[in-house]
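> just to be clear, the model below is a prediction. Sequence and coordinates:
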Amino acid sequence: MKYIVEMENIRKSFPGVVACDEINFQVRKGEIHALLGENGAGKSTLMNVLFGLYQQDRGEIYLRGEKVNITNPNIANDLGIGMVHQHFKLVHNFTVTENIILGIEPVKALMVDTRSASSRIREISERYGLNVDPEAKIEDVSVGMQQRVEILKMLYRDAEILIFDEPTAVLTPQEVTELMKIMRGLIEEGKSIILITHKLKEIMAIADRCTVIRWGKVVGTVNVSDTNEEKLAEMMVGRKVLFDINKKEANPRGEVLRIESLSVLGSAGTHGLKNFSLRVKGGEIVGLAGVDGNGQAELVEAIIGLRRTDSGKIYLHGTDVTRLTTRQRINSGMAHIPDDRHKHGLILDYTVLENLILKNYYLEPYSRRGLINWDYVYTHAEQVIKDFDVRSGQGAEASARSLSGGNQQKAIVGREIDGNPDLLLAVQPTRGLDVGAIEYIHRRLLEQRDQGKAVFLISLELDEILDLSDRIAVIYNGELVGVVNAAETNENEIGLMMAGGRRGAVA
Amino acid sequence: MKTKLRVKKDFLISISAILLGLLAGAGLMAVTGNSPLEGFIYLFRGGTMNIERIGNTLATATPLIFTGLSVAFAFKTGLFNIGAAGQMLIGGLCATAIGLTFDWPKAILLTVIAVASLIGGALWAALPGLLKARYNVHEVVATIMMNWIAYWAIYYIIPQHFKGPFLETESQRIPEAASLKVPWLTDLFSGSFINLGFFLAIVFVVIIAFVLEKTTMGYELKAVGYNRDAAEAAGISVNRNIILSMAIAGALAGLGGATFYIGFASNMQIGVLPAQGFDGIAVALLGANAPWGVFTAAIFFGLLHNGKGFMSAMTAIPPEIADTIIATIIYFAATSVLIERNWDKLKKINLENILRRKKRGKLAVKAGGER
Amino acid sequence: MMVDLIYQLFPYAIAFTIPLLITSLGGLFSERSGVINIGLEGLMLMGMFVGAFVISSVEALYPTAAVWIGLLAAAVIVALFALLHAFACVTLNANQVISGIAINMIAGAVTVYLARFFTGSGNVQIIRGMPRITIAYLSDIPILGQLLFTHTYASTWLILLILALATFLLYKTRFGLRLRACGEQPHAADSAGVNVYLMRYMAVLISGACAGLGGATFIVTLSGEFNGTAAGLGFLALAALIFGQWKPWGILGATFFFGFATTVANVSQVIPVLAQIPGIYLKTFPYVVTLLALILSSKSSQAPKAIGEPYDKGKR
């Protein structure tokens, strides 16, 4: 038996898109097999088919050489397939044990037997060095720990084929190393792993083989030892990818944003941001690196005025804006590309033209005496759509919902840059976009910098930070770890700082 | 162009819901041994057969236009106002109290009454708005609670302060001067209940349509309704808009209460939560939350309600058949997915063809109404 | 004096609490599975009608068993009626609030329609209600014996038993664990192989049975006739569900609290001591405190996380 998993000619379509188009995919027993592709390439869909969450329209699946019909996750579980989803599927107010046994609860005298389950979980946890407390409530444990609960869920179900969907997105570089150790331990115990990712470095570091998917089709399967990052990238995108961005020398000018000893309460009432200070000058890009959930959200919300500050000040052009409303800050020259374009960036049920006036509809000439001047708004929208290459079926009249992710993001970038801001706050500006759109957005951000605007880039993608920034600030646990010049640092150093390691150099 | 397709689709959903509602009504009539055809004929004739009955249909529709607008307006801001019944009661109480207390000329008295009932309803609804904005209390729950607070408040206030001469359970009749009924209109419709409230309703349909489509206020309210977070990030005060939207919705329902208690009726009954408050939800759904859609749907429901008595008198069918039909319509409007899904399946190819054809011709856009 | 008053009021307060309790408990099942149920009023009304109609039809034949047949029929038929709500909310992803309102309106219209059709008047009366029993030995306990175990309705004990069973079911069994998971994080439940749709259907069905039982209990203990309205009892049960923070014992406390206040208001006209408290305060009290509870718990609401969200497999 050579392959433990074989997927043959899998096709899965959704209204309007073919997510998987005649995909062939094989996993050997005992290997770590990476599934590489851009966002929306179809890798998650393929794995959801394998896990029984979706049914394929066509094609066959063989496990250990036998044809199987996986119509729901229960069957997948019975066949020894487990999956750690990108968004964890845990019940926040249940204990670790309750989460793990959900669906296959041991029962004694009509009651769920949590005690025996707990001891078994503790046993597995020790065997694989996972260090999980079965009695803890999910809402009380860290994200890294939650991921281990997900891993335990699979192991508790005696899964042999483990699917990890973008597992490192939420982890620090150190936690990533830890996870890789756990994965190797799993392989040693005879498990097989499928790793869904779009990060080339991870594949090079841990995978044995890699299958690349583009536009729902398999580009090829390669041995990782026979390839390199450049080749993988080319397979993924379909053309040569320039890893280096053509960047001119920065030409910093006067200070635009100054954050002084800012403390902000987080959502849980704890300090989300502690005594944070930073300056951003015109003509430079300052990147903020950090693992998700270390105070970035609180910082962004405090800067744009959506969250009350506890202490400290925010200055724009030397003026204290700490007490101003969001609208007043926008009017003072602040623009914001939010990380979640569907939640914070756009009103999906509005048309593109309505979205483009979201921040200035009440100003002349967009409106006068409370009446919107739709003629002007329309002409203006056409211009922005042209300038920023926003493509939609029906131009300005298309609903924002009908646009592709890349075009939605371009519309937001267009709206924000069109307001001619002094400070551009770009939060995860390329999240979930394909390489073409990423390159476009990056070019626009650099263009802003070169025009003398201050750009504050907050991203979880370390590569993006390293590529674009002139200076890099690192945040950990709500505190500023340090600021370094991009030219004088490397990934390793930033990675250590992201885990809280101090560094003397402050620029 | 998307718009027109959307409007067409809304219209078809509404029509389907109505047909399904009528079908359910027919089923119930048939099961209880009556002829549905006969029932529907009398139901329709009861609402339209002479000028007086037409007037009564419009009079019955009047509070429904207001409550329908109220629910629809809140919907546009993403709020679910199921408190229109309570807001009607408060509006009605304001109207009754002023009508029974002051002895002013009709024009002044009616103006004061209109303003008072508008403010009363607005305040009653602004409170749940405030709770939503400030404490994130779900407006559905809050407005339900406010409904019952209003119900019991009326239950004790009317007998205590405005008790009628015969019954403990109703207020005195309001005087001629405080009534929205005017002789010329009553005569024009040969003695019908129709009153000035109907014209007031039309005025408000126009105002609300204008506000929603042409003004920055409408733009803001809808932005908050579609996506609260994005509106907030764009600098729009979400809390202010939530309270404002609820207040406007409440004002409309309050006015609806006035038109009901001093227009359609002449006194207030206690122990009744006016059904128009909930029918308003059906009206809003059926009218696809569009002001003129609401108007049309309200007239239709007015017809059903007004015709049911006649039908009941002419046949053995209990009048509750009209309520059954309306309730079923709400149910099918709520489950419009089902209708939409089947409609999509049937018409998919056709719609795509229309889209393709329209795409070729470039569309010049003039106004915001074109969405 | 005061003690006598409490002795006098207590049985009424309990009689009033019990239908609220069971209806609220029904709401608990539905909402804990993630389905808002503001149709409780309509479900209860349907229970009143079915209970009254069945009892009035069979009591000539089975004078003693009639009330029990009526309760059972109400539970079963209203559970089936609640399928309408489940179908809309679970299968069709409809707006759960609108569906609930539709349930209320359908119940309001159809019951009166049928009542008029069957009796001509729109009211359905029953001759014999639930008999009162005194429990041997327990009624001899000082104070409590007289308060709780003397002249009580058997239905009261039945419903308290259901409360205990429901608590056990919800917190100790496999079914309960899965049901709660569906209300908190349906995707987690789904990926663990729990059939979210089925769980929600069952929860709504249970809520229908409970509310139907609540309505019929009201008929056999307190009112003795169906008269076309549930007079807001279902909404009061909903308030108790929220005030009780979606927990069985919280609901018991809340319904008793509300039941007592309502009883005091109802009898205040005839008992001089109580006449001083204006009825308006007593009657609006449950709704006002529920609003206050919502304000106070706004930071730490115990409401199920996924409540009101239709579960859509595709969206994940």
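Perfect, I can see it now.
> in the stretch 151-300 of chain A, which spans are strands?
According to DSSP state E, counting those that start in this stretch, the stretch 151-300 of chain A carries its strands in the segments A:161-165, A:192-197, A:209-214, A:217-223, A:255-265, A:271-281, A:285-289.
> pick the most deeply packed of those strands.
The highest mean neighbour count among the strands of the stretch 151-300 of chain A belongs to strand A:285-289 (a mean of 27), with neighbours defined as mean count of other Cβ atoms under 10 Å in any protein chain shown. C-beta here means a position set from N, CA and C on the backbone, and glycine is covered the same way.
> which stretch among the strands of the stretch 151-300 of chain A comes nearest chain C?
Within the strands of the stretch 151-300 of chain A, the stretch nearest chain C is strand A:161-165; the backing value is 10.8 Å (Cβ to the nearest Cβ).
> is any residue of the closest one near chain C?
No: remark: strand A:161-165 sits outside contact range of chain C, by Cβ under 8 Å from any Cβ of the partner chain, the gap being at least 10.8 Å.
> before we move on, the earlier item: as JSON lines, the strands of the stretch 151-300 of chain A with mean pLDDT and distance to A:Ile151 would be great.
Listed next are these as JSON lines, based on pLDDT from 0 to 100; distance: least, Cβ to Cβ, whole Å:
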{"stretch": "strand A:161-165", "mean pLDDT": "94", "distance to A:Ile151": "8"}
{"stretch": "strand A:192-197", "mean pLDDT": "94", "distance to A:Ile151": "11"}
{"stretch": "strand A:209-214", "mean pLDDT": "93", "distance to A:Ile151": "22"}
{"stretch": "strand A:217-223", "mean pLDDT": "93", "distance to A:Ile151": "25"}
{"stretch": "strand A:255-265", "mean pLDDT": "93", "distance to A:Ile151": "33"}
{"stretch": "strand A:271-281", "mean pLDDT": "90", "distance to A:Ile151": "28"}
{"stretch": "strand A:285-289", "mean pLDDT": "95", "distance to A:Ile151": "27"}
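> phi, psi of C:Val35?
phi -110, psi 120 (degrees, to the nearest 10).
> which residues does the residue lying closest to it once chain neighbours are set aside contact?
Nearest-residue entry for C:Val35: C:Cys89, 5.0 Å, with adjacent residues in sequence omitted and distances by Cβ to Cβ, 6 or more residues apart in numbering or on different chains. Contacts for C:Cys89 (Cβ atoms under 8 Å, 6 or more residues apart in numbering or on different chains) come out as C:35-36, C:96, C:99, C:200, C:204, C:310.
> try it again at 6 Å.
Contacts of C:Cys89 were listed using Cβ atoms under 6 Å, 6 or more residues apart in numbering or on different chains, and they are C:35, C:96, C:99.
> state the pLDDT value of the first one.
Put plainly, it is C:Val35. According to the predicted model, the pLDDT of C:Val35 comes to 95.
> try the last one
We note a pLDDT of 93 for C:Ser99 in this prediction.
> separation between it and chain A?
22 Å (Cβ to the nearest Cβ, to the nearest Å).
> give me phi/psi at the closest residue to that residue other than its chain neighbours?
For C:Ser99, the nearest residue in space outside its immediate sequence neighbours is C:Ala88; the separation is 4.0 Å by Cβ to Cβ, 6+ apart. Phi and psi for C:Ala88, reported as degrees, to the nearest 10, are phi -70, psi -50.
> wait, isn't C:Ala88 in contact with B:Thr335?
Yes: taking Cβ atoms under 6 Å as the contact criterion, C:Ala88 and B:Thr335 are neighbours in contact, 4.8 Å apart.
> any residues in contact with both of these two?
Contact criterion Cβ under 6 Å, 6+ apart; residues bridging C:Ala88 and B:Thr335 by contacting each: C:Ala94.
> quick one: which of the two has more around it?
Neighbours around C:Ala88 and B:Thr335, counted as other Cβ atoms under 10 Å in any protein chain shown, are more numerous at C:Ala88. The numbers are 28 against 24.
> got the contact list for that one?
Counting by Cβ under 6 Å, 6+ apart, C:Ala88 has contacts B:334-335, C:94, C:99.
> distance check, it against B:Ala322.
Here C:Ala88 is placed at a distance of 22 Å from B:Ala322 (Cβ to Cβ, to the nearest Å).
> how about low-confidence regions in chain B?
Screening chain B residue by residue with the criterion pLDDT under 70, one finds the ranges B:1-7, B:337-371.
> look through it and state the residue closest to chain A.
Using Cβ to the nearest Cβ, B:Gly235 is the residue of chain B that sits closest to chain A, at 3.3 Å.
> not counting its neighbours along the chain, what's nearest that residue?
A:Arg327 (3.3 Å).
> mind checking which helix or strand that neighbour is in?
Assignment of secondary structure by DSSP states H and E places A:Arg327 within helix A:326-331.
> if I pick the nearest residue in space to B:Ile194 that is not next to it in sequence, what's in contact with it?
Sequence neighbours aside, B:Gly55 is the residue nearest to B:Ile194 in space, at 3.8 Å (criterion: Cβ to Cβ, 6+ apart). Contacts were defined as Cβ under 6 Å, 6+ apart; by that measure B:Gly55 touches B:189, B:192, B:194.
> can I get those in JSON lines with neighbour count?
As requested, the contacts of B:Gly55 are exported to JSON lines (neighbours: other Cβ atoms under 10 Å in any protein chain shown):
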{"residue": "B:Phe189", "neighbour count": "20"}
{"residue": "B:Ser192", "neighbour count": "22"}
{"residue": "B:Ile194", "neighbour count": "28"}
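> residue ranges of the strands in chain B, please?
Applying DSSP state E to chain B gives no strands.
> do the stretch 1-150 of chain C as well
With DSSP E, counting those that start in this stretch applied, the stretch 1-150 of chain C shows strands at C:124-125, C:132-133, listed in chain order.
> sheet partners, orientation included, of the first one?
According to DSSP bridges, the neighbouring strands of strand C:124-125, each with its direction, are strand C:225-226 (antiparallel).
> now the phi/psi pair for the nearest residue to A:Leu324 once chain neighbours are set aside, please.
Residue nearest to A:Leu324 in three dimensions, not counting chain neighbours: A:Gly305, with 6.3 Å by Cβ to Cβ, 6+ apart. Backbone geometry at A:Gly305, expressed as degrees, to the nearest 10, gives phi 90, psi 20.
> how about A:Gly305, what does it touch?
The neighbourhood of A:Gly305, defined by Cβ under 6 Å, 6+ apart, consists of A:325-326, A:329.
> CSV for the residues you listed, including pLDDT?
Formatted as CSV, the entries for these read as follows, by pLDDT from 0 to 100:
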residue, pLDDT
A:Thr325, 94
A:Thr326, 94
A:Arg329, 95
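> and the residues you listed, which are buried?
Neighbour-count burial within the contacts of A:Gly305 applies to A:326, A:329; the criterion is 16 or more other Cβ atoms under 10 Å in any protein chain shown.
> okay, now A:Ser119: neighbour count?
Applying the criterion other Cβ under 10 Å, we find 11 residues in the vicinity of A:Ser119.
> quick one: secondary structure of A:Gly482?
The three-state label for A:Gly482, taken from DSSP: H, G, I helix; E, B strand; the rest coil, comes out as strand.
> burial of residue 154, as a residue count?
Assuming you mean chain A. Burial of A:Met154, expressed as a neighbour count using other Cβ under 10 Å, amounts to 23.
> you looked at the wrong chain, it should be chain C
C:Ala154 has 15 neighbours, counted by other Cβ under 10 Å.
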